[in-house]
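>>> Dropping the sequence and predicted coords here.
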Amino acid sequence: MLNKKTQFLVPNIYRAKRSFILHMIGKIFLYLTGWKIEGTLPNVKRIVVVCAPHTSNWDFIFGMIILLGIDIKAHYLVKKSVFVPIFKILLNKLGGIPVDRNNPELLVQTIADYSKNNEGVLIVVTPEGTRKKVTKWKTGFLRIAKISNSIILPMGLDYPTKTFRLEKAFIPTGDNDKDILALKFIFKDYRGRHPSRHLSPSDFNN
């Protein structure tokens, strides 16, 4: 069961300090759509946020509304093909990182190096790697967190309550299979836009 709403505070290290207009646009859309974010964002130098379940392109849109509405600084992974001229400037300005699926290891190392050499770095990833149903989750974020000495923070996405919810920090064991399985259980009560793309009980063995 999801926890009740609590006040959400953004540590200064993660304040984006965007223009008044962008901030107000985000707040207006938060009000109109009814979406919210709950939980606690730790005041630490580096965080990898693992967001699930990812079942729709709308997840990205509502996520952007949250980022603007609470004026939080974050980086997130986006397919390289989306970085066309009309969107490239905006995506770069709002923290987008292009993903080349043909070279995932280079991406992991690049993000890890950036995080390791900077402070106030919050990276948001979706472990499924796609909005379609998959049973095998990506493990790159585990390597990014280890190399950059970042904490891992699960964030559940729940459409029935229109909530992004930050859970307690996840401490990996070093066994990727066990860690992915444990994370799947953390997200099992959250509901995405398309329930048909959720994991079924039998998928928790993968």
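It's in.
>>> List the buried residues for stretch 64-80?
64-78 (16 or more other CB atoms under 10 Å). For the C-beta atoms, the positions are set from N, CA and C on the backbone; glycine is no exception.
>>> residue boundaries of the helices in this structure?
Assigned by DSSP state H, the helices in the chain fall at 20-33, 58-69, 85-93, 104-116, 140-148, 176-186.
>>> tell me the angle of the lowest-mean-pLDDT helix or strand in the chain relative to helix 58-69?
When the helices and strands of the chain are compared on mean pLDDT, DSSP states H and E, helix 85-93 comes out lowest with a mean of 74. Here the directions of helix 85-93 and helix 58-69 differ by 50 degrees (axes from the mean of the first three to the mean of the last three CA atoms, to 10 degrees).
>>> Residues contacting helix 85-93, please?
78, 82-83 (CB atoms under 8 Å, 6 or more residues apart in numbering).
>>> rewinding a little: which stretch among the helices of the chain comes nearest residue 41?
helix 58-69 (11.7 Å; CB to CB).
>>> Output that closest one as PDB, restricted to C-alpha atoms.
Taking Å, rounded to 0.1, in the frame of the first residue of the first chain, the C-alpha atoms of helix 58-69 are listed here in PDB:
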ATOM      1  CA  TRP A  58       3.100   9.900 -20.800                       C
ATOM      2  CA  ASP A  59       5.500   8.900 -18.000                       C
ATOM      3  CA  PHE A  60       8.100  11.200 -19.500                       C
ATOM      4  CA  ILE A  61       5.600  14.100 -19.900                       C
ATOM      5  CA  PHE A  62       4.400  13.900 -16.300                       C
ATOM      6  CA  GLY A  63       7.900  13.500 -15.100                       C
ATOM      7  CA  MET A  64       8.900  16.800 -16.900                       C
ATOM      8  CA  ILE A  65       6.000  18.600 -15.300                       C
ATOM      9  CA  ILE A  66       7.200  17.400 -11.800                       C
ATOM     10  CA  LEU A  67      10.800  18.600 -12.600                       C
ATOM     11  CA  LEU A  68       9.600  22.000 -13.600                       C
ATOM     12  CA  GLY A  69       6.900  22.300 -10.900                       C
END
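>>> quick one, that helix and helix 20-33 angle?
Using the same axes, to 10 degrees: helix 58-69 against helix 20-33 is 130 degrees.
>>> Show which residues not belonging to helix 58-69 make contact with it.
Here helix 58-69 has contacts from 16, 18, 22-23, 25-27, 29-30, 33, 35, 37, 51, 72, 74, 76, 78, 94-95, 124, 126, 131, 157, 162, 164, 192-193, using CB under 8 Å, 6+ apart.
>>> Pull out the buried members of those.
With neighbours counted by 16+ other CB under 10 Å, those contain buried members at 16, 18, 22-23, 26, 29-30, 35, 37, 51, 72, 74, 76, 78, 94-95, 124, 126, 131, 157, 164, 192-193.
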